[in-house]
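Engineer: take this sequence and fold it.
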Amino acid sequence: MTLVSALLLLLLGSLASYSLLSFLLGQNSSILVPDRPNSRSLHSQVVPKGGGLVIIVSTASLIGIYAAMYQSIAVMHVLIASLVGGIAVLGWFDDRHSLRIRTRIIVQIAIACAMVYLLAPSQGINIAGYRLEQPDWLLFVELVVWIVWMTNLFNFMDGIDGLVATQSTIAAIVLAFWFHQAGAPELVSLNLALAGALAGFSILNWRPARVFLGDIGSLTLGIYFAVMGIIGWTVYHLPVEAFVLLYGVMLCDTSVTLAVRILRGERWWEAHSSHFYQRLVGLGYNHAQVTSLAVMVTVCLSIYATLLIHERGPQWLWILLGGLTLAGCGLTIKHKE
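Structural biologist: Down below sits the predicted model:
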């Protein structure tokens, strides 16, 4: 794909999502659901949610046009897209009816199992420069857990203006570059279209947000990036550590927070206000400042991950730098408290 084509996809994705979302907001469309603030909310006014649907529609439309022009659609891609769509449907219902946790998890596990079965990974994955060989059933379980965790952590992080949208935009652009280097043009176009749609949405999701992703957006983005990781590891033999670094801000915040709550004996499955981004807001930083900090950290982590993939120096160096960057942020927040 040429640079002009890449920029065109980004531009068209941005225009499509921004225009459609602006139209829906102007019409007070029932497609968007009012999100009324509660005791844990970090916003004080009613803001419509469900904007993630526009990202999905914009991306799917662009990719449909691209596939029709280049006749490059595959049955497997349609099946995977259908399963991702299943999570979107779950999110749509959850936005409107606040489904029980058990119901959400059961559906997520079922879709994750089907997804891993379709991807049929059987070649192991690369960790720290070594090929990790293990029984197929163990790899299957690990990947299901990965998908379910990623699906939920994006939902956990969607608590302030612009955070998940900007993190996802960066991730999609970086993935497009990685898959371009790996020789996967379909994945390049998919990630660029998504990045464009996310960028258009981010304009309206920036502080003060006029619209939220909703569960339809956060859950769908979570499973999408989980699947991109699996494809990268098992098909294109990209190292696991690169994806961990790329998703580092999201993974670190949610995983550390969950671990601490479990160790403290708290009811970890219940909603809370213990995430690092929530604590920063509690310290007096506004949403734009917290999101901007997360963007800067993710840009650094993305550079480390890309250098790791291209073997520019020892892998442990980039992993160490990524760990120190995240640890430094966490310790700084702890010190300010």
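Engineer: so residue 152 makes contact with residue 109?
Structural biologist: No. Taking C-beta atoms under 8 Å as the definition, residue 152 is not a contact partner of residue 109, at 11.2 Å. All C-beta spots, glycine's among them, are computed from the backbone N, C-alpha and C.
Engineer: can you give me the helices in the chain?
Structural biologist: Assigned by DSSP state H, the helices in the chain fall at 3-26, 52-70, 75-97, 101-119, 136-157, 163-182, 185-205, 214-234, 240-246, 248-263, 276-282, 287-309, 315-336.
Engineer: any idea which of those gets closest to residue 45?
Structural biologist: helix 287-309 (12.9 Å; C-beta to C-beta).
Engineer: with just CA atoms, put the closest one into PDB.
Structural biologist: C-alpha atoms of helix 287-309 as PDB (Å, rounded to 0.1, in the frame of the first residue of the first chain):
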ATOM      1  CA  HIS A 287      -9.400  14.400  31.500                       C
ATOM      2  CA  ALA A 288      -7.400  16.000  28.800                       C
ATOM      3  CA  GLN A 289      -4.200  16.100  30.900                       C
ATOM      4  CA  VAL A 290      -4.600  12.400  31.900                       C
ATOM      5  CA  THR A 291      -5.400  11.300  28.400                       C
ATOM      6  CA  SER A 292      -2.400  13.300  27.000                       C
ATOM      7  CA  LEU A 293      -0.100  11.700  29.500                       C
ATOM      8  CA  ALA A 294      -1.400   8.200  28.500                       C
ATOM      9  CA  VAL A 295      -0.800   9.100  24.800                       C
ATOM     10  CA  MET A 296       2.800  10.200  25.500                       C
ATOM     11  CA  VAL A 297       3.500   7.000  27.400                       C
ATOM     12  CA  THR A 298       2.000   4.800  24.700                       C
ATOM     13  CA  VAL A 299       4.000   6.600  22.000                       C
ATOM     14  CA  CYS A 300       7.200   5.700  23.900                       C
ATOM     15  CA  LEU A 301       6.000   2.100  24.400                       C
ATOM     16  CA  SER A 302       5.100   1.900  20.700                       C
ATOM     17  CA  ILE A 303       8.700   3.000  19.700                       C
ATOM     18  CA  TYR A 304      10.200   0.400  22.100                       C
ATOM     19  CA  ALA A 305       7.900  -2.300  20.700                       C
ATOM     20  CA  THR A 306       8.800  -1.400  17.000                       C
ATOM     21  CA  LEU A 307      12.500  -1.400  17.800                       C
ATOM     22  CA  LEU A 308      12.100  -4.800  19.500                       C
ATOM     23  CA  ILE A 309      10.400  -6.300  16.400                       C
END
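Engineer: ok so, going back, can you redo the helices of the chain as TSV with mean pLDDT, distance to residue 270 and mean neighbour count?
Structural biologist: Converted to TSV, the helices of the chain look like this (pLDDT from 0 to 100; distance: least, C-beta to C-beta, whole Å; neighbours: other C-beta atoms under 10 Å):
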stretch	mean pLDDT	distance to residue 270	mean neighbour count
helix 3-26	93	32	18
helix 52-70	87	24	19
helix 75-97	86	16	17
helix 101-119	93	9	17
helix 136-157	93	12	19
helix 163-182	97	21	23
helix 185-205	94	26	25
helix 214-234	95	17	26
helix 240-246	96	27	24
helix 248-263	95	9	18
helix 276-282	94	14	20
helix 287-309	97	23	20
helix 315-336	93	22	15
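Engineer: what would these look like in TSV with distance to residue 125?
Structural biologist: Shown next, in TSV, are the helices of the chain (distance: least, C-beta to C-beta, whole Å):
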stretch	distance to residue 125
helix 3-26	28
helix 52-70	27
helix 75-97	18
helix 101-119	12
helix 136-157	8
helix 163-182	15
helix 185-205	18
helix 214-234	4
helix 240-246	6
helix 248-263	16
helix 276-282	28
helix 287-309	14
helix 315-336	14
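Engineer: out of those, nearest to residue 33?
Structural biologist: Closest approach to residue 33 among the helices of the chain (C-beta to C-beta): helix 75-97, 5.1 Å.
Engineer: contacts for stretch 5-22, please.
Structural biologist: Residues from elsewhere that reach stretch 5-22, judged by C-beta atoms under 8 Å, 6 or more residues apart in numbering: 51, 54-55, 57-59, 61-62, 66, 176, 188-189, 192-201, 203-204, 211.
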